Each structure stands twice: as structure tokens, then as C-alpha cells.
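# Predicted coordinates and the sequence they were generated for:
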There are 2 protein chains.
Amino acid sequence: MSDLAIASRAVLKPISEIAESAGIPEEAVEAYGRYKAKIDPALLTARGVKPGKVVLVSGISPTPAGEGKSTMVVGLGDALAASGTKTMIALREPSLGPIFGMKGGATGGGYSQVLPMDEINMHFTGDFHAITSANNLLMALLDNHLHQGNALGIDPRRITFKRVLDMNDRALRNIVIGLGGPTEGVPRETGFEITVASEVMAVFCLANGLEDLRDRLGRMTIGYTYGKAPVTVDDLGAAGAMAMLLKDAIKPNLVQTMAGTPAFIHGGPFANIAHGCNSVIATNTARSLADIVVTEAGFGADLGAEKFMDIKARYAGCNPDAVVLVATIRALKMHGGVAKDGLKEENVEAVRLGMANLARHASNIKKFGIQPVIGLNKFATDTDGELAVVTEWAAANGIECAVADVWGQGGAGAEDLAAAVLRAIEAPNNFAPLYDLDQPVENKILTVVREIYGGDGVEYSAGAKRMLEQIHANGWDNLPVCMAKTQYSFSDDPKLLGAPEGFTLQVRDLIPKTGAGFIVAITGAIMTMPGLPKIPAAMRMDVDENGNAVGLS
Amino acid sequence: MSDLAIASRAVLKPISEIAESAGIPEEAVEAYGRYKAKIDPALLTARGVKPGKVVLVSGISPTPAGEGKSTMVVGLGDALAASGTKTMIALREPSLGPIFGMKGGATGGGYSQVLPMDEINMHFTGDFHAITSANNLLMALLDNHLHQGNALGIDPRRITFKRVLDMNDRALRNIVIGLGGPTEGVPRETGFEITVASEVMAVFCLANGLEDLRDRLGRMTIGYTYGKAPVTVDDLGAAGAMAMLLKDAIKPNLVQTMAGTPAFIHGGPFANIAHGCNSVIATNTARSLADIVVTEAGFGADLGAEKFMDIKARYAGCNPDAVVLVATIRALKMHGGVAKDGLKEENVEAVRLGMANLARHASNIKKFGIQPVIGLNKFATDTDGELAVVTEWAAANGIECAVADVWGQGGAGAEDLAAAVLRAIEAPNNFAPLYDLDQPVENKILTVVREIYGGDGVEYSAGAKRMLEQIHANGWDNLPVCMAKTQYSFSDDPKLLGAPEGFTLQVRDLIPKTGAGFIVAITGAIMTMPGLPKIPAAMRMDVDENGNAVGLS
């Protein structure tokens, strides 16, 4: 059965019941349809207890199909809730880009899904559309400013901000706009990014409220004057209208898992080209309601988890109390050298070789002062011999490890993992970000490359070097770095699997995100606007005669 | 007090109460927040009576500020409801383009507003975002098709479909995409249109259900092959995924007026560059619930009303039983030759001269077999002498006319107008579209120009002539025409006010919309992507410390 077929057979509770079970008063609930609601954090009543503990679910370097990290978050959350712990889940909202491209939906799978699956995957409560609108309003105002006399003296060749669409649309990567003569705008080179890569998305996910959101929007750098001085959104006067477009979107969205566990799904920057975690507002609102919050950081732990620790936790105080590393036998075999076609065949030796990838991720987590827990996401094709490689390695290295069948069994498949997590959050925790802010940006990038990626050094393009000078000159060195890098490898080369060493990371560009509060380092061939594959997933999607979605993975 | 200030003081009823009062069963109501809901027409119970009568509100050629047509719809609807008639209102959804540009919100004004004002104006239930996504998914799939080998042999120079944004963004009118080399798509010239101008919007508003919507999407022509054969969405295989994105949006949105009258607000093509009426589904669902449906067609009656009769009513059977022509003293003075700065000063002679515009619109309505009713939208600056010009002219010409103060008094200000409308819908009605479909497209355009606009003839550009040949060759002659023309004049020159004669209409381009089922004729300088003014309305918008919208007109 497909995820959509399983999801459509589930019996959902009205969202008001889910809210009540989470301790959310009725006046804070704004229903969006029967099974979705926006929650106003300002209308919640304080519990008078400490904020809930944070369980961060991350993973090994994934295969293109993903290792079921969201599925594991849901299964683990359901298992913790079933064990009697007051639990909430916090996840990112899916992007239409990958849904119509390769990956399909992003709401878990099998019996560990958040529901209603089709609504969450498409439009949901409109947050991404609001972010797209706010971003593109800014750009329309900017190009109109150029057209109407350019009082700020903005250099059209040095505008760094781009328009966005929530779509994989390759042909919009490099475009020329403003053609057609003097009544049709000012010609310039630019491009579109996918919405989840935009700074507006990052700001949305890092703001602690509407006022902070407006301030951060105003601080975003959109380009430079002819005199090379930075121009911000506040210089243009656009932050107010942008905040107005986002005033409802910023409230977290409540849904339920198939087992009825309450889940916030809110915000969704990609972890390869952005910072990769759901909104701070969702995480911290969940912590005010529950004793444990299970949340996720995208792609492998070198990307999502590093950014969770060095950016999100640093800014928002939501330090993780435990980190789960999701691994699959399939991905370990891939890291052990097996080609895509052979991943379903038993290959104990390949699993053993592939453990190098998991081992480095586990050792990386310890560098943040936290003991990792391995969550082995079991597939039907896994053999006992293959699974034993992982569990024996974990035992030998003193790391908690549990095999979980969350796709097939839901929360019941994650009981051992939940027990391991409950032990882990009681263990001593010396959380600290990897690097101090008070040093040049190059040093921070080098620290991430050496400590997390296992590389030797960093090479900057000519453009990136010029931007480094600008960063120093503008006093932006005290910001953390947000690495934009392929998710498939610790390096910037997606083909270097396992645990590569001795490589030099190529930084192609540096983009100061002064509203979000980090410097993005674009490495290797990573792109902020994905393309569609030869046969996009969209081609199998449709509606049936009852108006239901078909083919949504 | 601003419209927003008045709106924010109103006490709204829960949307479930409004639905109940409209005879909508609970199971058909999907709440979106407290005061908005989507209604599933499939879950309504038949009333066993004839569909409600249709009152179409149109107007004279407007000033840039608009003549308060939506405000009149709301006031008239409230007055009819107060008189004991089971009434529903059907309006278009506002577009973000004009909201951030010149016009501000589009939800009526004063004490004749639909609520919640800020939510309807921004994002609402996400319909426009869904339409934007569906349109742009199609384009991403199309450019991906070119990039992945172009199996259909589509000529990149002859792609007629464009991407859209719900934004006034001049710099996107003429662009080149696909730059950057062989991995970055196929370079070609194109542009963005505003969402309300897109054929997806037209299809959305003309479809009678999801299945019809999917079929119409599939029939849309997106371009031509190297052999000049039309290529449709079905050829590309994209209609299913597009329909999936629109499956919830297609359900009409229920809200309430300040007086608690139920209103559907659904779909919103502009009337100058598209067909200008709310969705067929909303109008016909309202007719199944109420005895009278008050609805609107955009801009002057030469645009919105003509298209309502010749396109929407023809396809959907929602023939008008009465047509209200909204006029203002301000606009009449403008048509009488008064400049913008002098419109607030009394000028009886200018009103008399300007009556030529209203007289032609009234005579046009009679050509469809319907007696018009003049609704004179009273402003505080109007003098008795000015108002008397209109009422006396109407009396002399045997046309019903009522002065209404809907901004200041709500429904109470439209009692006379409601009485006139109730008389009009009982009068004999010989409704027929202006032209038969079974004739060449040129003839239909000429008929509209001569009978409605008062012009002498039509001149086609070289490109339009080539497209005429293509229309004949492809058998598209049996479609009605959708004129894209300035709203300020009967002619294609916005400066020719009053009732110009003797002009020749310039048709610059013809665009077959084979999904919507009409041929768009682009005339004069009309553009499908508006620009922002020197000081956009967006600059005064913001959020206050309580998270409320500020400056939304």
C-alpha cells in the first residue's frame, strides 16, 4: 500500500480534540479545515514548569530516496506518547519542489505519518505561499525603485536578493529581466531561487515572534549601492508590508500523527541550501506545552544537525537534550560502495564498510557535548546479519542503538528507541556550539570543514574572496556560517561517499544573510533552484472522480 | 475612519452561524479560521425550488479610484436581505497586485464591507496561490520538457503560455530565461503575467466542477510545434497534477457582510485583461441557496458586463435578471471634462456632459434584452443639483434610478435601490448574448466594437493577422471573444472619456484560450502585467504591536 492509501484509511480526530489533548485552550485555536489549525502562541497559558526537553532527529548522509527521518520522528514521537510522556512533534512543512520532482510527499510514511497527508503536502495553511509573496513583493518594490529613479543609488549589477517560487524550475536559475525599453523596467541579470532557500524563509524560522520577524526582515541585505554600501530592506521601506503578509503565517500549524500525537509543522528551509529546521516559534511553543519535543533537522547530521546546534539552538536556546542519528542498511551499503541497483541484496561487508559514514556522524555529535543515539530504520529487505553489524558496532563503542520498524508498525515499532532516548535525555549533557562567533568567518568555515566534514582545507573563488573582504569591512564577521553543500557526501563532491578525507572544500560564493543572521557559504555545485528530473513525479499525480489526490507518493 | 478601522470594529458571527443562515449543512462547511469557510457544493441539499435570480452589478467607465461597485454589491445585498428576501452575494477575490499598487483592498468600503477585511485581502483561503502554483508547475514541466529532449517538438519561440505571480511586477513583463549553458535549461524569451490574467484563473472561474476544471486545463494551448501545430496541456500530461493543486481551491469561500449577509468570494479574473467575474461555481452554488444572488462584473459595463453576458452566462446559464449600473457624480464629472483635482467641486454642467457615458452603458445593457437600473453611489461632496441631473435623465428615459449611500449607511442606504431591483427582476426579460458563436472571430470583435464601444472598425497588427489565420485553420472560430481593453474609455485609448465615436480599435494580439473557451483580443496598450506606481500603497502598510494589519486602505 502507498503512503497516501494508508493515510486515506486513517480515522482522524477533530483538530479541536488534538489541541485539547496538547493543553491548548480553545481561544488559541484557529481551525483550517477539519484537521489543521493555526495556534496563537500569545493565547497559551503558562504551565509553570520548565520547557520540555528537545530530541533532535538527524541522520547519516542519505541516499537520494531519503532515510525516513521524518517517519522516524513520527514513530518515535508516537512511541514516547504511548509510554505516557507528554510529547509533541515539530517538523518542517513540505516544499512543492521535491513533491513534483523526485521525492513525492514529506509527511513520514507507512504507519508513521502526520495527517492529513495530502493537505500538508499541498498548500497546507499557506505559509510557503505567504513567504513567496513577501519575498516577491520586496523584489517588485526593489525593481520599481530602480525604475522610478533609483533614489538610493542601488547598483543593478550588485543586487544579491532574488525572486522565489516554491517549484523546481531550472529555467529560472539565470534570467534577464526588465527588457522591452524604458517603460518596462531596468534590465538586469538575476534569477529565481526555490522558496525554501530564501532568506525570508530563514528569517521566518529564526524569529521568536512577529516583532522580531519584522526587525529581521528589515535587516536583510538586498544589494549594494554604486558606492558598494549595503542596502537593506529597511532602506527600501518594505519590511512593514512584508510582515503584514506574514502575520498569520508566523503562527505554528497544529496537526496529528496517525496515532493522534499532536504535531507542529511550521516553516521549512532545506538543509543543503539553507539552515534546515522548522521554526523556532514551533519548537519553543511545543516545549511550552510538552515534556519532550521530537524535532528534525534536514539531510545528514553534517548539514541539518550542525546548523541546528550552531545557528538555531544558539539563537533560540532550544539546546538538544538528545540527538538521534537515523541510519538505514540501504544507505550504509551505498556508503560501502554498492550501486543503486544492488541495495536490496544482502551485503554484510558493504554495511561494515559503510559504517565509516555513521561513525563519523556519531563522533561529530559528541563534539557538541551530546551522546548520540542510533535509530536504525528497518526495511523489509534488511537481514539479521546486516543489522547486527550496526548494533554490534554501537555496543562496542558505547553508543545507544535501537532497531525501529516505524513504517510498518508506527509507534509500536519504536519502543526500544523511545526507551533509549528516555535514557539519553537523563544523561549528562554538555551542549555547546562547535565554534565561537567572535572570530573571522573563514575560521568558522574551516572549523566546520575540519571538525565535521573531515576535510583538510577550504579554497575560495575570486568572487568569494571579494565577498570575504566585504564581510570584514561591513562588520559581519560575528555571524555564524550556514553551509550550502550537497547532502550526499561529507565533502562538496556528491560522489565521495563513506567518510572521505583529505579533500579541500570549494567555496564558490558567500552570501551575507544579515536578517537571518548568518553567512551562507555556497560550496561545490550546490544550487538554490533545483531542476526537475526527466520524468517528474508530477506526471503520475491526478485527482480521482471523488476529488481525492492520486499519486502523491 | 478608514475602511480597515471600520472593519476592525465590526462584531462578526462565527462562520458556522452564517452557513446555517444560508441553509448550508454543517458537513459541507470547512472552516478556515473563525470567519471564513470553504463550502463543498457536493454536500449541499437541493432546495427543490428554481435557482435564485441573478442581479448583476456593473458600472460606468470608472475613474482610477473605482466607483464603489463592490461596496454597492454589499449594500444592495444587505438591503435585499433586510427586506426579507433570501439573498446571497457573490464577489471576486482581491488580487495582491492592486492592493500593493494603487488601489488598496477590494472588499467594499465603509459600512458595506465583506469581512474579515484584512484576511480576504491577503491570502484569504489560498485560492490565488493555488492557481499561481498550478500555472507555474505547468511552465516548469514545459521548460523541463524542452530541456530533457523536447519529444513533442515544441518551438521555444512559439510558446504562448507564461508564468504568473499575484503581484504588480513590471520588470517581469519581458524576460529571457534558461541562460547559463546546457545544464541550465533552454534559453527563450518569455514573461510573467499577473495571476488574475492567466488562463488558469479563467478556467477556474468557468469550470462547473473539478472534472470540468481538469478537462479545461487539459485543453489549454501552451504553444506550437516547429510544424506550427498547437500543443496542449494534455499533450504535456500536466493536467492531473494541476487539478490536484486546485482540488480544494475550487470550493467556494463563504464569508459575511458587516450586516451578516452570507457572501461567496471566489475566483477573480480582472475585467480589463480577462473575463472579470467570480467563479461559475460560486454563482451557481449561491443560486441553489438563495432567491436572489447579487454579483458583480469588473470595471465598466463595456468590459465586465459584456463578458458576463457573452461568456459566463452563455457557458454557465446564469443569465442576469437585472443589471445595476453603478455611477458616481465624480466619474460623470470626469467624463464631462473635469480634471482630477476639480472632481470635488460642484459642476452641474460637467455632470450633464458626462451623462453621455452612462447613457451609452444603459443603452448597451438594453441590447442584451435587459432593462438597466441605475445605482447612483452617493458621496458626501455630491450636491442635490448634480444628483438631480442623473435622476431626471433616468426619469425622462424611463430607466429605474436610485441614489444610494452604501458607504455611510450600509444596507439602510440602499433601500430605494433594492426596491427598484425587486421591480426590475419581475419585469419581462429577453436576455440573449450580443452575438452568435457561429461566425468568424473578426465579426464578433467588430460587433462588440460597433454595438458596445461605439467605434467604427478594427485594425489588426501583422501578428494579430497571422494569429487570425491560425484561429481559422485550427477551428477556433466558434469561440466567444474576451476583449482586453483599458477600463477608462469605451475605446482603446484611456484618454478618450465620455462616449467617444468614430475610432478604430487597434488589436495588437489574439491569444486563443482553448481551455477557458474564448479568444483574447489584446487592444491598445493594455498589459497583462501591471506595474507599481512611484509610491506604492505597500509603503504605508505594516503590522501594529498587536499583530494587526495597518494601512490596508
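Noted; the coordinates are in hand.

# what's near enough to touch residue A:185?
Under the criterion of Cβ atoms under 8 Å, 6 or more residues apart in numbering or on different chains, the neighbours of residue A:185 are A:143, A:146-147, A:177-178, B:170-171, B:173, B:531. In short, each C-beta sits where N, CA and C put it, glycine included.

# Kindly provide the distance from it to residue A:224.
In this view, residue A:185 and residue A:224 are 19 Å apart by Cβ to Cβ, to the nearest Å.

# And for the closest residue to chain B within the stretch 251-400 of chain A, nearest residue in space, chain neighbours not counted?
Taking Cβ to the nearest Cβ as the measure, the stretch 251-400 of chain A has residue A:251 as its residue closest to chain B, at 9.1 Å. Nearest residue to residue A:251, sequence neighbours excluded (Cβ to Cβ, 6 or more residues apart in numbering or on different chains): residue A:38, at 4.3 Å.

# The helix or strand encompassing that neighbour pairs with which strands?
Taking DSSP states H and E as the definition, residue A:38 sits inside strand A:37-39. Neighbouring strands of strand A:37-39 in its sheet, by DSSP bridges, are strand A:29-31 (antiparallel), strand A:253-257 (antiparallel).

# Could you identify which of those is most buried?
strand A:253-257 (a mean of 28; mean count of other Cβ atoms under 10 Å in any protein chain shown).

# Report the distance from it to the chain centre.
Chain-centre distance of strand A:253-257: 18 Å, with Cα atoms, centre = their mean, to the nearest Å.

# Can I get it in CSV? Just the C-alpha atoms.
C-alpha atoms of strand A:253-257 as CSV (Å, rounded to 0.1, in the frame of the first residue of the first chain):
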residue,chain,number,x,y,z
ASN,A,253,0.3,24.8,12.5
LEU,A,254,-1.1,22.0,14.5
VAL,A,255,-1.9,18.6,13.0
GLN,A,256,-1.8,15.0,14.3
THR,A,257,0.0,11.8,13.7
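
# Past the longest helix belonging to chain A, which element shows up next along the chain?
Across chain A, the longest stretch assigned as helix under DSSP state H is helix A:127-147. Toward the C-terminus, helix A:127-147 is succeeded by strand A:154-159 as the next helix or strand (DSSP H and E).

# still on that earlier bit, for the contacts of residue A:185, which PyMOL command selects only the ones that are buried?
Selecting only the buried entries of these in PyMOL, with 16 or more other Cβ atoms under 10 Å in any protein chain shown as the criterion:
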select buried, (chain A and resi 143+146+147+177+178) or (chain B and resi 170+171+173+531)
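
# Let me have the contacts of residue A:185 in JSON lines, extended by pLDDT and distance to residue A:547.
Listed next are those as JSON lines, based on pLDDT from 0 to 100; distance: Cβ to Cβ, whole Å:
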{"residue": "A:143", "pLDDT": "98", "distance to residue A:547": "39"}
{"residue": "A:146", "pLDDT": "98", "distance to residue A:547": "45"}
{"residue": "A:147", "pLDDT": "98", "distance to residue A:547": "44"}
{"residue": "A:177", "pLDDT": "98", "distance to residue A:547": "38"}
{"residue": "A:178", "pLDDT": "98", "distance to residue A:547": "42"}
{"residue": "B:170", "pLDDT": "98", "distance to residue A:547": "38"}
{"residue": "B:171", "pLDDT": "98", "distance to residue A:547": "38"}
{"residue": "B:173", "pLDDT": "98", "distance to residue A:547": "36"}
{"residue": "B:531", "pLDDT": "97", "distance to residue A:547": "38"}
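
# Sort out which one of the contacts of residue A:185 lies nearest residue B:445 for me.
residue B:173 (24.5 Å; Cβ to Cβ).

# ok, now how distant is the closest one from residue B:467?
The gap separating residue B:173 from residue B:467 is 20 Å, by Cβ to Cβ.

# Also residue A:406?
In terms of Cβ to Cβ, residue A:406 sits 57 Å off from residue B:467.

# And those two? Which one has more around it.
More crowded of residue A:406 and residue B:467, by other Cβ atoms under 10 Å in any protein chain shown: residue A:406, with 32 against 22.

# before we move on, the earlier item: now the strands paired with strand A:37-39 in JSON lines, with mean pLDDT?
Shown next, in JSON lines, are these (pLDDT from 0 to 100):
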{"stretch": "strand A:29-31", "mean pLDDT": "95"}
{"stretch": "strand A:253-257", "mean pLDDT": "98"}
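
# Distance to residue A:354 added to those strands, as a markdown table?
Converted to a markdown table, the strands paired with strand A:37-39 look like this (distance: least, Cβ to Cβ, whole Å):
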| stretch | distance to residue A:354 |
| --- | --- |
| strand A:29-31 | 46 |
| strand A:253-257 | 30 |
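
# and residue A:386, which of those is closest to it?
Counting by Cβ to Cβ, residue A:386 lies closest to strand A:253-257 out of the strands paired with strand A:37-39; the figure is 28.5 Å.

# Can you give the contact residues for that closest one?
Residues outside strand A:253-257 that contact it (Cβ under 8 Å, 6+ apart): A:12-13, A:15, A:18-19, A:22, A:24, A:29, A:32, A:35-39, A:74, A:77-78, A:89, A:93, A:108, A:112-116, A:120, A:124-125, A:127, A:262-266, A:282.

# Let's see stretch A:210-221 as PDB, backbone CA atoms only.
Only the C-alpha atoms of stretch A:210-221 are listed here, as PDB (Å, rounded to 0.1, in the frame of the first residue of the first chain):
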ATOM      1  CA  LEU A 210       6.100  38.900  14.700                       C
ATOM      2  CA  GLU A 211       8.100  41.900  16.000                       C
ATOM      3  CA  ASP A 212      11.400  40.100  15.700                       C
ATOM      4  CA  LEU A 213      10.300  38.900  12.300                       C
ATOM      5  CA  ARG A 214       9.700  42.400  11.100                       C
ATOM      6  CA  ASP A 215      13.000  43.600  12.500                       C
ATOM      7  CA  ARG A 216      14.900  40.700  10.900                       C
ATOM      8  CA  LEU A 217      13.200  41.400   7.500                       C
ATOM      9  CA  GLY A 218      14.200  45.000   7.800                       C
ATOM     10  CA  ARG A 219      17.900  44.000   8.400                       C
ATOM     11  CA  MET A 220      18.100  41.800   5.300                       C
ATOM     12  CA  THR A 221      20.700  43.000   2.800                       C
END
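
# roughly how far is that stretch from the heart of the chain?
Its chain's average C-alpha position is 20 Å from that of stretch A:210-221, according to Cα atoms, centre = their mean.

# likewise stretch A:43-52?
The chain centroid and the centroid of stretch A:43-52 are separated by 26 Å under Cα atoms, centre = their mean.

# do stretch A:144-153 as well
Chain-centre distance of stretch A:144-153: 36 Å, with Cα atoms, centre = their mean.

# Could you do stretch A:492-511 as well?
Centroid separation for stretch A:492-511 versus its chain: 20 Å, with Cα atoms, centre = their mean.

# So for it, first residue to last residue, what's the gap.
One end of stretch A:492-511 to the other measures 17 Å (Cα to Cα, to the nearest Å).

# Could you list the buried residues of that stretch?
So for stretch A:492-511, counting by 16+ other Cβ under 10 Å, buried means A:492-494, A:496-500, A:503, A:505-511.

# Most widely separated two among the residues you listed?
Of all pairs drawn from the buried residues of stretch A:492-511, the one with the longest distance (Cβ to Cβ) is A:498 and A:511, at 29.8 Å.

# Might one say that residue A:479 is in contact with residue A:518?
Yes. Counting by Cβ atoms under 8 Å, residue A:518 is a contact partner of residue A:479 at 5.2 Å.
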